[in-house]
Each structure stands twice: as C-alpha cells, then as structure tokens.
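Participant: My questions are about this predicted structure, shown below with the sequence.
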Amino acid sequence: MISNFMCEAIKGATAAYAHPLGLKTSTTFLSRLNQGQANWSVDRTENYAYDADFDYLTSVDYNDGLANEVQSWSYDAAGNRVSDSAKPGTWTYDNLNRMSGSPMASYTHDAVGNRLTKVSGGNTTSYSWDAVNRMIEAGPVSGSRNSYKYRADGMRVRKEIPGLVEKVYYDGQMPVETFEDFSTGNDKLTRNFVGARGIEMMETTVSGVTTQAYPLYDTHGNMVATLSKNTAGTSWSLGNERSYDVWGSVRSGVTTGGPKGRYVANLGHVQDDESGLNYMRARYYEPETGRFVSQDAAKIGHNWFSYADNLPTVKIDQTGRYSHWFYAGAAVYTLGILQSLFAGALLIINNTPTGVIEAIKAASIAVILIGLGVSLISIGVSQENENLNASVAIGGVLIEVLFANLIKQITPMAIETAMIGKTHTAKAGLALFAYSLLCFGYLVSMEFD
C-alpha cells in the first residue's frame, strides 16, 4: 500500500512523501519568494534510502550543496552503526551494544550501560549518575563540572554550569518557564507558550525588556529559525537559522547560543551547549553518534541505545522511552488475559451464574481488542507520521470511538449480570472489569497529559 502524508514544513510550506512500506523517501523544502506574500519556490529536496531487512535509514541526499551532501550509514546485526560516510573510521561495541569507540572518541560505561567517560582529542569527559540512572554531573575529570538536578518524576529542574544557574518549570512534561541566573548579571526569563504543535511562541525578558519570538519548525519538529518583531513593533526578522542532518547535528547556521530548542524542539527537547547532548527527559541523546548515552530502562527491543529504531526520518522519541503507546496497549492486553483467566477460574471453582461468566468473557474480549487496537495505532502512527500532535489526535479519536462502543455494549450486560448474580463472585467480576477500565483510562491520561 502506498502511504501519502502532507504536513507542515519550513516557514509554513508543505512536504509530501510516499513509500510502499510507509517510509518517507523524500522531503521537499519550500522557500517564500516575497516576505508577506503567499508565493513559494522549491528550495531543495532531501532523498532517503532504507535497509531492506530492518528498514534502518542507510542514506540521505541533502541536496544543499554543503559538505557531505550525500551521507550513508551501515549497521551490524544488532542495529549499531558501523560506518558513516561523513565520519570515516572504526565504530566498535561490546556484546551488550555499549559503544567503546567511534571515529570521534573512545568510551567506557558502567555495568548498567551509563556512559562513564569519553576521550576525544586527548580530552577526557567524565559522567556521573545517581541510583536511578539520571546523569547528575558531566565535565572534565578535574576542574569545573556541570551538575544537573531532577524532580521526583525525573524531569530536570536545575542545571549549574560555570557562570550560570538555570531553573526550569513545567506544565506536565512541557517546559513553560526557564530562569537563567548569570553570575555576570543580565538574568534571563523565558516563557514558552504551548499549542497544538508544541512550543508555539517564546517570550524572553532581559533587564526589563521583553521580546517575543515564534519558532519555525521543519517536518521533524527541529527548530530551523525564529521569527521576531523589533522592539518598536514595526518589522519582523528571521534569526537563529539552522539546518540539521537527520540525526540532529547542525549542518549550517549558528551552532551555539540562541534558543535552547534544536532537534525535535517542538516537544520541548533542549540541547546543552556545554556537553553537546540533547536532554530528552528520561535520557540524553548524542546527535554526533545518533544514539543515547545510557540504555533504555524499559529494555524493550534488541538495542537499548539506538534512537527511534534508526529511523530518524520517520520516528521521534518524545521522552527517551520510545513507543509508549505500545506499552499502554500491551498493559491493557495483559489485563484482558488476566480477566479471561479469572473467568475460567470462576467457571471451574464455583457454580457461577452463566450471565456472570458471559459478562466477564465479553468484557475480557473487549479489553483485549482495545489493547490490540492501541498497539496497532501506535505501530501504524509511528511508522507513517513523525508528528506527535497528529499521532495524539488520531489516537484520541479512535480510542474515543472504541470507548463509546464498549460502554454501549457492556452497560446493559453489566446491569443484567448484577441483577442475575447477586453474589460476591459477580461483584468481584464487575469490580475487576471496572478496575481494568480505570487502569486503561489512567494509561491514556498519562499519554495525553
């Protein structure tokens, strides 16, 4: 089946792609001819190729005239990168997929997969972790180091680097306010206004002067520029222009400074200039190597360090724990199986009224189907659409329909069961079903929070 998808791209333009397996094969970037007018011309088209066995991204043609315009990669059987045409040299790993060497550096890890050191060009960077595998320090072995602190749910709330203390405040998991306390003065307060696309506008106050900037994103959610009005409010200007490779490294434009959001910035991810790492909530991502510097705590899949299954053109990682929708579906599926076992046990152990058994069986089947549905939604959406907000919208509509049909079918049956059974067994069965629905609702609410 050919899958086509239209989405917002740079400066309000559009991009189209098609692939027999739903993978993106090209993205067309459009540029405005005249500011203030709805006229566009084709700026460039990126073309992609994938591995036939695992759908890993194997090459991209950026068509931008810059160095390494065509870049290619290859992988071992575990999905570890073993070659990069833009970074020739040897990539090495241990038998647990922990990277020990790359053309840029050598690395060591602790027993649970957290990076301990990185040696590059004779300089050693060391990393420290707390008991729950959150990075709390990074920097040179001797001298000033950067420190990080987190709240109970793992969201980073404080960063201290030489000359700066940064505090972050959240609405759920989206950063809405950042206060930067500079030792030299001129402290900065940045407020993020969150909308359908993620961060829609940034308001910055320095020395009593407030300015507003609107981030411009490409189809992957990378911040490619900001649009700002001058202090007099009479004209607009573009700033902080950047282009990225598919793994998040800056190809052109400013490499440091400006807004902290870079790669997948619309989701609130930020890049730490002091380390070159992207903070993605649960873990830190390294664009240079295209992988996380610690393993996935969930340990799902065959490679716990890879980013988005080596498909950065199609998939994104919202929290550093990839594919939460699949986990939610799996949890509900498990609840359904448990209900089926419970119903079978009732049938064997007790002379339970037939109505109770049928109600529990029906409830079990319904919950299993919902679990499978959510899992399929997650897989389909992640394969065909990297835009998180569209994913949430699609998933929300489908789940709403599923719930409406479920309630319509189950409610009369539940009432009938309560009337017929009038036993503790019937009450237990209904309570279990209600508990399953509550658990599912909680999982969904977490995803939409």
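Facilitator: Here it is on my side, so go on. Residues are numbered from 1 along each chain as shown.

Participant: going forward, measure contacts between C-alpha atoms and count neighbours the same way
Facilitator: Noted.

Participant: Can you verify my assumption that residue 140 contacts residue 128?
Facilitator: No: the criterion here is Cα atoms under 8 Å, and residue 140 misses it with residue 128 at 11.4 Å.

Participant: For the residue lying closest to residue 103 once chain neighbours are set aside, give me its contacts.
Facilitator: Excluding its sequence neighbours, the residue lying closest to residue 103 (Cα to Cα, 6 or more residues apart in numbering) is residue 89, at 4.8 Å. Residue 89 makes contacts with 83, 102, 103, as judged by Cα atoms under 8 Å, 6 or more residues apart in numbering.

Participant: ok, which stretches of the stretch 1-150 of the chain are strands?
Facilitator: 5-8, 14-17, 26-32, 40-50, 57-61, 70-75, 81-84, 92-93, 99-101, 106-109, 115-120, 123-129, 135-140, 146-150 (DSSP state E, counting those that start in this stretch).

Participant: and residue 165, which of those is closest to it?
Facilitator: Nearest to residue 165 among those is strand 146-150; the distance by Cα to Cα comes to 9.7 Å.

Participant: Going along the chain from the closest one, find the next helix or strand for me.
Facilitator: Of the helices and strands lying after strand 146-150 in sequence (DSSP states H and E), the nearest is strand 156-161.

Participant: What residues of that following strand count as buried?
Facilitator: Buried positions in strand 156-161, judged by neighbour count with 16 or more other Cα atoms under 10 Å: 156, 157, 158, 159, 160, 161.

Participant: same for the helix or strand following it, what does it pack against?
Facilitator: Counting by DSSP H and E, the next helix or strand C-terminal to strand 156-161 is strand 164-171. Counting contacts by 3 or more Cα pairs under 8 Å, 6 or more residues apart in numbering; DSSP states H and E, strand 164-171 packs against strand 156-161, strand 174-182.

Participant: what sits up against strand 164-171?
Facilitator: 156-160, 175-183.

Participant: ok, that strand: who's next to it in the sheet?
Facilitator: strand 156-161 (antiparallel), strand 174-182 (antiparallel) (DSSP bridges).

Participant: Make a markdown table from those and add distance to residue 193 and mean pLDDT to it.
Facilitator: Shown next, in a markdown table, are these (distance: least, Cα to Cα, whole Å; pLDDT from 0 to 100):
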| stretch | distance to residue 193 | mean pLDDT |
| --- | --- | --- |
| strand 156-161 | 18 | 97 |
| strand 174-182 | 7 | 96 |
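
Participant: Using the record's domain definitions, break this structure down for me.
Facilitator: Residue ranges for each domain of the chain read 85-307, 324-448, as given by automatic domain parsing.

Participant: Any idea which of these has the lowest pLDDT on average?
Facilitator: Mean pLDDT is lowest for domain 324-448 among the domains of the chain, at a mean of 49.

Participant: hmm, back to that, for residue 202, find the nearest of the strands of the stretch 1-150 of the chain.
Facilitator: Minimum separation from residue 202 across the strands of the stretch 1-150 of the chain (Cα to Cα) falls at strand 5-8, 19.5 Å.

Participant: Confirm residue 309 sits in a strand?
Facilitator: No: going by DSSP: H, G, I helix; E, B strand; the rest coil, the assignment for residue 309 is helix, not a strand.

Participant: Identify the residue spatially nearest to it, adjacent ones excluded.
Facilitator: Leaving out its chain neighbours, the residue that sits closest to residue 309 by Cα to Cα, 6+ apart is residue 56, at 7.1 Å.

Participant: Contacts only, for the one you found.
Facilitator: Residue 56 neighbours (Cα under 8 Å, 6+ apart): 50, 309, 310, 311.

Participant: I'd like to know which of the residues you listed is nearest to residue 286.
Facilitator: Once Cα to Cα is applied, the member of those that ends up nearest residue 286 is residue 310, at 13.3 Å.

Participant: Would you agree that closest one is in contact with residue 54?
Facilitator: No: Residue 310 lies out of contact with residue 54 (Cα under 8 Å); the separation is 9.3 Å.

Participant: More neighbours: the two, which one.
Facilitator: The neighbour comparison of residue 310 against residue 54 (other Cα atoms under 10 Å) goes to residue 310, with 22 against 12.

Participant: Look at the nearest residue to that one once chain neighbours are set aside and report its pLDDT.
Facilitator: Distances taken as Cα to Cα, 6+ apart place residue 56 nearest to residue 310, at 5.2 Å, with adjacent residues excluded. Looking at residue 56, its pLDDT is 93.

Participant: separation between residue 56 and residue 96?
Facilitator: Counting by Cα to Cα, to the nearest Å, the separation of residue 56 from residue 96 is 20 Å.

Participant: right, and residue 321 touches residue 296 too?
Facilitator: Yes: contact criterion Cα under 8 Å: residue 321 and residue 296 qualify, at 6.5 Å.

Participant: which residues are in contact with both of those two?
Facilitator: Here residue 321 and residue 296 share the contacting residues residue 283, scored by Cα under 8 Å, 6+ apart.

Participant: residues contacting the spatially closest residue to residue 230 that is not a sequence neighbour?
Facilitator: For residue 230, ignoring the flanking residues on the chain, the nearest one in space by Cα to Cα, 6+ apart is residue 236 at 6.3 Å. Neighbouring residues of residue 236 by Cα under 8 Å, 6+ apart: 227, 228, 229, 230.

Participant: what does stretch 118-135 rub up against?
Facilitator: Contact with stretch 118-135 is made by 104-108, 114-117, 136-141, 148, 154, 282-283, 294, as judged by Cα under 8 Å, 6+ apart.

Participant: hmm, back to that, out of the contacts of residue 56, which two sit at the greatest distance?
Facilitator: 50 and 309, at 12.0 Å, using Cα to Cα across these.

Participant: rewinding a little: between the contacts of residue 236, which sits nearest residue 287?
Facilitator: Distances from residue 287 to the contacts of residue 236, taken as Cα to Cα, are shortest for residue 227 (25.2 Å).
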